[in-house]
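*Asks:* sequence plus the predicted model coming up.
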Amino acid sequence: MRNIKIIIAYDGTEFSGWQAQPGQVTVQGVLTDVLEKLTGRRPVNYAAGRTDAGVHAAGQVVNFKTQATMAPVEFQRALNALLPNTIRVQSAEEVSPDFHSRRDALAKTYRYRIFRGRVVSPFLWRFVHQDSMDLDFDAMNEAARHFVGEHDFASFAASTGSEEDDRERSTIRMIYRSEWQRVQNTEPVNSIGPAEEWVYTVRGKSFLRYMVRKMVGTMVDAGRGKLAPTDLPELFEQRDRTKSGQTMPPQGLCLENVEYRDPTNSLL
């Protein structure tokens, strides 16, 4: 049995997230359907991160096992020929049998984009959250620094939907990087001209459901003066998700890349 690793990018706008769900169009479900056409069997495929509905990916890592004899480059070509244009396979390779895209991941990087102009380009709106109201960039960046390190993120995670699972899961997570950057956007918007984006980058070992979007919502509250950046330690201690900021809309969030100890795990 061969183990194939692919790196994919997708526009999550029209998908109900990564994970296959009955009656829903998901990235995993569409990918599985196409793999079944190619291999004659319905393989289980695993992703490094289970992105939510409307969330995008630029470097999602997926692996699946198959007895098909197709070369990796043939898998890439055939998948891109059959998948919708909103999902693209960037690379494919055969990896060691024990490689697992989720369990072996050392770190993931997400980015959240806030468009600061009054008019969003039609070529951009799917991938940013628009907010042209007054925000204090320095306060948001100061709040971001409080997330670095190992913390209990119970205040920044959604429920799993099961009280039993909520009690049993660990909400301790390690964050390696957390910062905002100002980026000049050059998309033309009629006569309005270019506008600025504020881009939040967070790199961590793993993330809880809605965690990044809740973190961003809390930092936006800091930018509006609803809380002080120095309130973050108390929010960690409270372990109460009703005390943190809103869960931000999904379209601004993208899984940028996933890191592994061996960058390829290739058999070649």
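*Replies:* Arrived safely, thanks for sending. Residues are numbered from 1 along each chain as shown.
*Asks:* ends of stretch 33-44, how far apart?
*Replies:* As for stretch 33-44, its first-to-last residue distance stands at 11 Å under the measure C-alpha to C-alpha, to the nearest Å.
*Asks:* buried residues in that stretch?
*Replies:* Burial within stretch 33-44, assessed by neighbour count using 16 or more other C-beta atoms under 10 Å, is assigned to 34-35, 38-39, 43. (Each C-beta comes from the backbone N, C-alpha and C, glycine too.)
*Asks:* again with stretch 17-32
*Replies:* Buried residues in stretch 17-32, counting neighbours by 16+ other C-beta under 10 Å, are found at 17-18, 20, 26-32.
*Asks:* tell me the one of those residues nearest residue 129?
*Replies:* Distances from these to residue 129 were compared by C-beta to C-beta; the smallest belongs to residue 17, at 17.7 Å.
*Asks:* report the contact partners of that closest one.
*Replies:* The contact partners of residue 17, by C-beta atoms under 8 Å, 6 or more residues apart in numbering, come to 24, 26-27, 50-55.
*Asks:* chain center to stretch 199-217: distance?
*Replies:* In terms of C-alpha atoms, centre = their mean, to the nearest Å, the centre of stretch 199-217 is found 8 Å from the chain centre.
*Asks:* now do the strands in the stretch 151-268 of the chain.
*Replies:* Across the stretch 151-268 of the chain, reading from the start of the chain, the strands by DSSP state E, counting those that start in this stretch fall at 172-185, 195-204, 253-259.
*Asks:* which one, of the ones you listed, ends up nearest to residue 138?
*Replies:* Comparing those by their distance to residue 138 (C-beta to C-beta), the top pick is strand 172-185, with 9.2 Å.
*Asks:* centre of the chain to the closest one, how far?
*Replies:* The offset between the C-alpha centroid of strand 172-185 and the centroid of the whole chain comes to 13 Å, using C-alpha atoms, centre = their mean.
*Asks:* run the angle between that strand and strand 195-204 for me.
*Replies:* Direction vectors for strand 172-185 and strand 195-204, defined by axes from the mean of the first three to the mean of the last three C-alpha atoms, to 10 degrees, enclose an angle of 160 degrees.
*Asks:* hang on, the earlier thing: any idea which of the buried residues of stretch 17-32 is least confident?
*Replies:* The member of the buried residues of stretch 17-32 with the lowest pLDDT is residue 20, and it reads 94.
*Asks:* list just the nearest of the buried residues of stretch 17-32 to residue 116.
*Replies:* Within the set of these, residue 17 lies nearest residue 116; the separation is 27.5 Å, counting by C-beta to C-beta.
*Asks:* and that closest one, how far from residue 237?
*Replies:* When distance is defined by C-beta to C-beta, to the nearest Å, residue 17 is 31 Å away from residue 237.
*Asks:* doesn't residue 28 fall inside a strand?
*Replies:* No. Applying DSSP: H, G, I helix; E, B strand; the rest coil, one finds residue 28 to be helix, outside a strand.
*Asks:* now it: closest residue in space, sequence neighbours ignored.
*Replies:* With sequence-adjacent residues excluded and distances taken as C-beta to C-beta, 6 or more residues apart in numbering, residue 28 is closest to residue 20, at 4.5 Å.
*Asks:* ok, now how distant is that neighbour from residue 103?
*Replies:* 19 Å.
*Asks:* in this protein, which spans are helices?
*Replies:* Residue ranges of the helices in the chain, as given by DSSP state H, are 27-39, 72-82, 137-145, 163-168, 211-224, 232-238.
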